[in-house]
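In: Here is a sequence with its predicted model. Questions after.
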Amino acid sequence: MKEIKHKDFSNEIAIIIKNKNFKKQEVVLETGRKKAFLTKTKNDYQLYFDGIFPYDGTKKLKVRMDGEQYTLKSADFKEPMHSGLAAIPAQHTFDVESISKGSINNATFFKMFFFDDSQKTNIFYSKVETIRAYGHSFNCIQLCVLQKRYEITQHTEEDQSYFIIENLDEVSLQDFEDNAYAIQKGIGFLVGYMPGGENYIFAEENFLYKGLSRKSLKSIYHPVTSNPYSRLHEESEREIADHYYGKIKVVPVAVISELVIQVQQNMDFSVAMILLMEVSSLKSVVSMPGVFSLILESLANCIIIKEEKVEKLIDDKDLSDTIISNLNLVIDNYINQISQDAATKIRRRLHEINKPINYKRLTNAEKLRAPFDQLKIILTKEDEKAINYRNALLHGKILMNGEVKRTSEEIDDHMMYISAKLYTLLSKLILKMCGYEGYVINHSKFYERNSIKTTEEYFNKI
């Protein structure tokens, strides 16, 4: 167990800055003692070598730099298909995927550094519970993942911001990397930013650098805020913001920890989370409704609790008959506006109103709503409409127009509204399954424009 009384990342950051500034940094190959040059590009490192390259089949290369040994790894360090070409001197440029100094494989305490390009200071503020044990220059979350404590810090030094993940209890390198990736996704969802691109893992003086295939993601949404004035900043909205001030809270640490555990242990849930971040970072009006509908179905399958029961909606038969009788009277009132054949078919359906729900044989529509029912999340009529758009999207109606004629601007407004509504529903499911009780941002309310007007609240309690 490690107790941190004072955070100091200066040694690690000095190494990161030094490596970041490599421009034709001279290195010496241990095999053959020949010189090569290492340069840091925007996204990775490149090694330049002139001569006969010492291929050995490992895709690794040991070099010395400033008197110390490093290991470079690259898929390019493989012998050409025609082995005779390997013996011909040539100018080589290799993309380097990883650089390591020493070994961190047997270490038990690690620090993972990401370059932070969120362009947001105090990114955790008003979104998630933080600790202030290390002073205001360290914006920090502490959580527990499978009984192991981790701290996630946003820290700025020399005009560069970093995201740093470190463990406070002993773990293996593999467990650290697995849990750190789950933390990236969980925290990324909660604050609207997931770091990526490249990282450094330090274990005391040794480190491993990796270029990552997934770049950082910046979502246009995040689920919770404790600051209503950040969303309702117009003078006309001041009274509404005052009403919510003090009621809406940040996501507590226990919920954050549970979210990360769910991401780490449930692959389907993990994939749904990363897809949610990726699509919301694209800000695509056309893509979001369809993909969010897909994620909703995926999450429903992850969350739904299998039940064997058969539920009768109305136990009182006399009451059921009275409701059906009254609904028949409603049809009678409109009989001149619909055909007799249509009226007859509608009346037949009325007798199915109190048909018991067999939870072993739910329809697709019922499966989508089952997790909300099980988690006691109330769906409004606007929520129901948004969920129903799934069918339109599955049948190729991408613009979701139905029979309504809309201008291009109205189509964009409508799709943005549905996207925000679906994101809000997804955030409710994700947070509630992790034990959250409180308010979430009703994003769709902030996208009500032109003909889109509802009586919904700006924040919904779950």
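Out: Great, that's in hand. Note that the structure is predicted; figures quoted are calculated from it, not measured.

In: Please make it C-alpha for all contacts and neighbour counts, starting now.
Out: Fine.

In: I152 should be in a strand, yeah?
Out: Yes. The assignment for I152 is a strand, going by DSSP: H, G, I helix; E, B strand; the rest coil.

In: In the stretch 201-350 of the chain, where is pLDDT below threshold?
Out: 306-310 (pLDDT under 70).

In: The same query, at a cut-off of 90, please.
Out: 213, 233, 282-287, 289-290, 294, 297, 300-350 (pLDDT under 90).

In: ranges for the strands of it?
Out: 206-211, 217-218, 310-311 (DSSP state E, counting those that start in this stretch).

In: Same list (the ones you listed) but as JSON lines, adding mean neighbour count and distance to A241.
Out: As requested, these are exported to JSON lines (neighbours: other CA atoms under 10 Å; distance: least, CA to CA, whole Å):
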{"stretch": "strand 206-211", "mean neighbour count": "19", "distance to A241": "43"}
{"stretch": "strand 217-218", "mean neighbour count": "24", "distance to A241": "26"}
{"stretch": "strand 310-311", "mean neighbour count": "12", "distance to A241": "41"}
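
In: Those: which one's closest to F189?
Out: With distances scored as CA to CA, the stretch of those nearest to F189 is strand 217-218 (9.6 Å).

In: Which neighbouring elements make contact with that closest one?
Out: strand 193-194, helix 267-282 (3 or more CA pairs under 8 Å, 6 or more residues apart in numbering; DSSP states H and E).

In: partners of it, with directions?
Out: Strand pairing for strand 217-218, determined by DSSP bridges: strand 193-194 (antiparallel).

In: mean confidence score for the strand it pairs with?
Out: For strand 193-194, mean pLDDT is 97.

In: outside of that strand, which residues touch it?
Out: By CA atoms under 8 Å, 6 or more residues apart in numbering, the residues outside strand 193-194 that reach it are S118, Q184, K185, I187, G188, S216, L217, K218, S219.

In: and those residues, which two are the farthest apart?
Out: Every pair of these checked by CA to CA; the farthest is S118 and K185, at 14.7 Å.

In: Neighbour count: the two, which is higher?
Out: Between S118 and K185, K185 has the larger neighbour count (other CA atoms under 10 Å), namely 25 against 17.

In: List the residues that contact that one.
Out: Contact analysis of K185 by CA under 8 Å, 6+ apart lists M194, V260, V263, S270, M273, I274.

In: Now do the same for it: its pLDDT.
Out: pLDDT at K185 comes out at 97.

In: Distance check, N388 against M415.
Out: To M415, N388 is 14 Å away according to CA to CA, to the nearest Å.

In: I should have written F49 there, sorry.
Out: 53 Å.

In: More neighbours: those two, which one.
Out: M415 (23 against 20).

In: measure the more buried one to I452 for me?
Out: 11 Å.

In: now do L329
Out: 32 Å.

In: and what of R33?
Out: Taking CA to CA, one finds R33 at 71 Å from I452.

In: likewise G196?
Out: Following CA to CA, the distance that separates G196 from I452 is 37 Å.

In: These two: who's more crowded?
Out: A direct count of neighbours by other CA under 10 Å for G196 and I452 places G196 higher, at 21 against 13.

In: Give the full set of residues in contact with the more buried one.
Out: Per CA under 8 Å, 6+ apart, neighbours of G196: F114, F115, L212, R214, K215, S216, L217.

In: Out of these, which sit inside helices?
Out: Using DSSP state H, no member of those falls within helices.

In: Dump those into TSV; add distance to V145 as well.
Out: Formatted as TSV, the contacts of G196 follow (distance: CA to CA, whole Å):
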residue	distance to V145
F114	20
F115	23
L212	23
R214	23
K215	24
S216	23
L217	23
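
In: Filter those down to the buried ones and hand me the ChimeraX line.
Out: This is how ChimeraX selects the buried members of the contacts of G196, with burial counted by 16 or more other CA atoms under 10 Å:
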select :114,115,216,217
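
In: out of the contacts of G196, who's nearest L232?
Out: In terms of CA to CA, no member of these lies closer to L232 than L217, at 25.2 Å.
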